[in-house]
Every structure is written in C-alpha cells, then in structure tokens.
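Undergrad: Mind folding the following:
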Amino acid sequence: MASLESTVNSNKIKIILFGVVVFAGLVVTGLVFTGEKFHIDQKVLQKAQEKYGQEARMRLVSWEDILKNEGGTDREKLEKINSFFNKKIVFVHDTDLYGTKDYWATPVEFLSRGAGDCEDYAIAKYFSLKLMGVPEEKLRIAYVKALQYNIFHMVMLYYSNPGAEPLILDSLVDSINPASQRRDLLPIFTFNGAGLWLAHDRGQGKLAGKSSRLAAWNDLLQRMAGTGI
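TA: Residues are numbered from 1 along each chain as shown. Alright, predicted model coming up:
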C-alpha cells in the first residue's frame, strides 16, 4: 500500500472510454464502445494472451461480459464487480510484481496479470462501475488505515446519495458493508475524478479542492487518458 508521500494533481481530467491503454509497457488500442456496448478489441486480447497466457484473455473476456450486462440496480452492480475482482485476482505487493514500491495498475494491466495490491482492486472496481453506468458522484476511492493489520490500505466507497452512509468494497473482505460496520478502518481521505476530500467521521468529509495529493492517481489517469481511459 502506498504511503502518504505520494501526491496527486487532482485537476479534473476528462476521462473518455478505453481507446488507448498502457498495457504492460506497450500502448495498445481497442477498448471501445460499439454503439452502447463495451467491447475489447481482439488485438488487446491477443496481447494479453501472448504475454500472460490464455487465462489473462479469459479474465478480460469475463470482465467484458460483466460490463456489457449493465442492467440491474446499483447494489447488484456493486455485488457483481466486488465478487468478480475479489475472486479472480491474487493479492501481490508492487515490489514483487513490478519491482517498485508503489505502482497503480490500469484495470487492463491488473486483469492481464491476474495480480495486484489494494490500490489496483479499488481502482478496477471504481472504473468498472463507472463503465456500468453508476454516476461518478456516487463513487470514491478511499485511503484508510486497516487497524487490524496496522497498515495503510485502499478501498472503494459507494454513496447512494450525497448524505448517505457509504458502502465499502474491500479486497480484504468479500461482503459489502456500510462504513459504520467497518470500525477496523480509519478513514484518511477520499477522491475521485472530481476532487479530493479530507475524511471526517463516516460522512463525505471536507472537499479539499484541486490540491496535489496523489501523484500515483495523476500518473494513472495520464496512462489511461489520451483517447481513452
């Protein structure tokens, strides 16, 4: 898990849907919408298979299938996405996977490798739910301290409305629980594409504007940007 040394330029960055993705150090095209349906180009699937094997391709296809079936309530979408990533992906530290202390993978990198750490789970869930039509204002990524393990950790939050208690999607816990039932997590700050909020109790917290806080988030958005996320 990254330390608070990391800072991000949280300027609003227009996020367009997957046209170019940084994939294992290569820039590849092909994650697009055809009409209203999400589609992964065969070139992307082939690259994943060549580098990481047939299982990488299967994970991406399974992800595509979930995103195509975007019907249902927000809660049903949360359950699908949370279960998918928690079951499909193995936790591995960045130092072991990338040889660096802190690297935030794109969802395609994460799924292709089939491994990642807590940031990668939270980021993949966040963008997946956006692609399934959940409004961004309902979604945040939260930097917390996991008190039970005495480590800094990252989870994803869902707010049914601005004043609601958030639900927590966590790579350490398969069930989706309201924040009041997760006293093992100490909130520090939350963010999404619109800004960064300093944590305050269990609510949404104080908007911190467009200050620089998480360089890894800015780097991730730049790698996912261009003509797509």
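Undergrad: Where does pLDDT dip in this protein?
TA: 1-37, 194, 197-214, 225-229 (pLDDT under 70).
Undergrad: Does Thr106 touch Gln222 like I think?
TA: No: in this structure, Thr106 is not within contact of Gln222 by CB atoms under 8 Å, at 10.8 Å. Using the backbone N, CA and C atoms, a C-beta is placed for each residue, glycine as well.
Undergrad: These two: who's more crowded?
TA: Between Thr106 and Gln222, counted using other CB atoms under 10 Å, Thr106 has the larger neighbour count: 23 against 12.
Undergrad: how near is the nearest residue to the more buried one once chain neighbours are set aside to Trp217?
TA: Excluding its sequence neighbours, the residue lying closest to Thr106 (CB to CB, 6 or more residues apart in numbering) is Met224, at 5.4 Å. Using CB to CB, to the nearest Å, Met224 is found at 11 Å from Trp217.
Undergrad: all helices in the protein, in order from the N-terminus.
TA: Taking DSSP state H, the helices of the chain run over residues 42-52, 54-68, 74-88, 94-97, 107-113, 118-131, 215-224.
Undergrad: Looking at these, which is nearest to Ser175?
TA: helix 74-88 (8.7 Å; CB to CB).
Undergrad: how about the CA coordinates for that closest one, as CSV?
TA: C-alpha atoms of helix 74-88 as CSV (Å, rounded to 0.1, in the frame of the first residue of the first chain):
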residue,chain,number,x,y,z
ASP,A,74,-26.6,-0.2,-8.3
ARG,A,75,-26.4,-2.7,-5.4
GLU,A,76,-26.5,-5.6,-7.9
LYS,A,77,-23.7,-4.0,-9.9
LEU,A,78,-21.6,-3.5,-6.7
GLU,A,79,-22.0,-7.2,-5.8
LYS,A,80,-21.1,-8.3,-9.3
ILE,A,81,-17.9,-6.2,-9.5
ASN,A,82,-16.8,-6.7,-6.0
SER,A,83,-17.1,-10.5,-6.2
PHE,A,84,-15.5,-10.6,-9.7
PHE,A,85,-12.3,-8.9,-8.7
ASN,A,86,-12.0,-10.4,-5.2
LYS,A,87,-12.3,-13.9,-6.6
LYS,A,88,-10.4,-13.5,-9.9
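Undergrad: what is the orientation angle of it with helix 54-68?
TA: Angle of helix 74-88 versus helix 54-68, following axes from the mean of the first three to the mean of the last three CA atoms, to 10 degrees, is 180 degrees.
Undergrad: Now do helix 74-88: distance to the chain's middle.
TA: 12 Å (CA atoms, centre = their mean, to the nearest Å).
Undergrad: Flag every buried residue along that helix.
TA: Asp74, Lys77, Leu78, Lys80, Ile81, Asn82, Phe84, Phe85, Asn86, Lys88 (16 or more other CB atoms under 10 Å).
Undergrad: Show me what it packs onto, helices and strands only.
TA: Using 3 or more CB pairs under 8 Å, 6 or more residues apart in numbering; DSSP states H and E, the elements in contact with helix 74-88 are helix 54-68, helix 118-131, strand 167-169.
Undergrad: Share the number of residues neighbouring Leu45, please.
TA: The tally of other residues near Leu45 (other CB under 10 Å) stands at 18.
Undergrad: So for it, what's the nearest residue that isn't a sequence neighbour?
TA: Leu45 sits nearest to Arg57 (CB to CB, 6+ apart), 4.9 Å away.
Undergrad: That'll do, ta.
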